[in-house]
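1. show me the folded form of this:
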Amino acid sequence: MDKAERRQALLRAARTVFSEKGYHEAKVDDIVALAKVAKGTFYLYFPDKRSVFGELVRGLFSRLGGAILRVDPSADVEAQVKHNIRAIVAVLLDDPALTSILLSHAAGLDPAFVKELRAFRQEVKLLLQQSLAEGQRLGVIEPGDTELYATFTIGALKEVLFENALEEQARPRERIVTALHDFLRRGYLRMDPAAGLEARRPEGERAAPAARDAPGEAPERASPPRGRRARSRGD
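-> As a prediction, this is how the structure comes out:
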């Protein structure tokens with residue numbers, strides 16, 4: 001086994017140990033035992049447990065950055081956005097061990113560990129902000145505060161994935177992608193309840209839209225009822 005392979009073996013072992021024991025309970029002894037190398041070998045590559053965790057985080061962040069494609073407004077925007085959501089969800093769900101640690105609400109009392117988590121989340125937020133700002137420039141994202149938009153988006157994604165990791169039977173991946181896409185595209189607030197109910201009716205049962213007058217045409221006036229003479233100003 002060469003140096004690169006040994007390093008990867010240590011990273012894989014660390015990911016598994018972190019997943020099974022959590023960050024705080026994981027020990028370097030556990031990592032080297034799983035990787036089947038001497039403890040001294042570990043320190044040839046990483047100074048401590050925190051550094052190997054940081055390496056895993058940077059790898060995940062790199063995969064997230066590579067998963068997001070720049071949207072081309074001249075092509076099918078909706079399909080491209082859904083692709084990006086699917087790619088991000090795939091990166092996080094394909095690494096459940098690290099994702100569960102990063103999405104954990106209880107960071108614990110280790111200040112350095114908290115710092116690692118905050119740095120990762122800030123990098124993800126900045127990456128999303130930049131993508132949203134680019135979307136606004138292209139006209140595919142509504143005007144607004146991209147920092148808050150990024151916070152809302154990450155919050156929704158974080159809760160969905162964290163809850164999914166805790167469930168005995170995880171939700172299908174494509175169901176998560178579709179729900180997130182629909183939420184971001186339309187939201188769920190409807191200020192006109194009647195319009196919301198009308199949208200839920202089968203297409204064949206929906207009321208026909210009211211006819212509108214063509215531009216430049218005066219609206220047609222209703223004829224007076226039969227048997228009654230229209231009054232003039234002189235009557």
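2. what sits against residue 73?
-> Applying CB atoms under 8 Å, 6 or more residues apart in numbering, we find residue 73 in contact with 138-140. All C-beta spots, glycine's among them, are computed from the backbone N, C-alpha and C.
3. can you pull out the helices in this protein?
-> Taking DSSP state H to define them, one finds helices in the chain at 3-25, 28-35, 39-45, 49-67, 77-93, 96-102, 111-138, 146-166, 173-186, 193-200.
4. so the fifth one versus helix 111-138, what angle?
-> Note on geometry: by axes from the mean of the first three to the mean of the last three CA atoms, to 10 degrees, helix 77-93 and helix 111-138 are set 170 degrees apart in direction.
5. hey, C-alpha coordinates of helix 77-93 in CSV?
-> Output of helix 77-93 as CSV, limited to C-alpha atoms (Å, rounded to 0.1, in the frame of the first residue of the first chain):
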residue,chain,number,x,y,z
VAL,A,77,-34.1,26.4,-16.3
GLU,A,78,-36.4,24.2,-14.2
ALA,A,79,-34.7,21.0,-15.2
GLN,A,80,-31.3,22.6,-14.4
VAL,A,81,-32.4,23.8,-11.0
LYS,A,82,-33.8,20.4,-10.2
HIS,A,83,-30.6,18.7,-11.3
ASN,A,84,-28.6,20.9,-8.9
ILE,A,85,-30.9,20.1,-6.0
ARG,A,86,-30.6,16.4,-6.9
ALA,A,87,-26.8,16.6,-7.1
ILE,A,88,-26.6,18.4,-3.7
VAL,A,89,-28.9,15.9,-2.0
ALA,A,90,-26.9,13.0,-3.5
VAL,A,91,-23.6,14.3,-2.2
LEU,A,92,-25.0,14.6,1.3
LEU,A,93,-27.0,11.4,1.3
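6. just the pLDDT at the residue sitting nearest the centre point of the chain, thanks.
-> Nearest to the mean C-alpha position of the chain, counting by CA atoms, centre = their mean, stands residue 157 at 4.3 Å. pLDDT, residue 157: 82.
7. great, nothing more from me.
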